[in-house]
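# missing the sequence, but the structure's below:
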């Protein structure tokens with residue numbers, strides 16, 4: 001199976017990362033060098049800037065000025081959506097996020113209202129450098145992969161997926177991503 005076949009067959013699956021974890025890590029990593037969508041601009045490069053939209057209250061606590069522990073949970077199940085900076089702009093990210101928050105608020109009037117705070121940025125190679133130690137391997141293994149999952153309406157879309165199965169490792173991956181985001185916020189604040 002090719003990368004594009006896997007992502008096409010599982011488009012919209014809220015557990016796509018769990019399905020990926022059933023595939024050998026070597027294949028998951030090889031798929032990063034392939035396109036995952038017919039709308040692809042090409043595989044995500046190591047030097048690319050990736051932007052993650054951050055919403056209150058699910059990702060960010062305004063009172064404490066910190067990211068919540070759940071800000072990066074999507075990495076373990078449906079894929080953590082990011083935008084590839086070279087195929088978008090701040091205005092496009094902001095507009096898409098505002099519409100997303102408005103749609104959520106309309107469809108979920110009984111839930112806490114969401115608002116868009118801004119985006120945090122990562123360099124792809126920093127995400128790809130997150131590693132964990134497993135019992136099977138003496139040396140560290142990659143914790144997540146980045147796939148170009150562009151769609152018809154958003155050429156810049158990509159997903160960060162956790163590729164290790166163990167729950168403790170999953171937590172370590174999410175905390176490492178949160179550390180990268182907090183580092184960005186401490187230096188630059190939201191974009």
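Yes, it's here. Source: prediction; values computed, not measured.
# what about the helices in the chain?
Listed in chain order, the helices of the chain (DSSP state H) span residues 3-9, 16-20, 25-31, 90-107, 124-128, 167-188.
# residue 38: which of those is closest?
Evaluated with Cβ to Cβ, the helices of the chain place helix 3-9 nearest to residue 38, the distance being 7.1 Å. Where you see a C-beta, it was placed from the backbone N, CA and C, and this is true even at glycine.
# find the residue closest to residue 82 in space, skipping its chain neighbours.
In space, not counting the residues next to it along the chain, residue 82 is nearest to residue 50; the distance is 4.1 Å by Cβ to Cβ, 6 or more residues apart in numbering.
# if you could redo that for residue 53, that was the one I meant.
residue 97 (4.4 Å).
# contact partners for the one you found?
Residue 97 makes contact with 53, 55, 116, 119 under the criterion Cβ atoms under 8 Å, 6 or more residues apart in numbering.
# count the neighbours of the first one for me.
This points to residue 53. Here the neighbour count serves as a burial measure; for residue 53 (other Cβ atoms under 10 Å) it reads 21.
# kindly report the same for the last one.
For residue 119, the neighbour count with other Cβ under 10 Å is 22.
# for the closest residue to it other than its chain neighbours, which residues make a bridge with it?
Spatially, and ignoring its direct neighbours in sequence, residue 119 is nearest to residue 51 (4.2 Å; Cβ to Cβ, 6+ apart). Partner residues in beta bridges with residue 51, using DSSP bridges, are residue 83, residue 121.
# no more questions from me, cheers.
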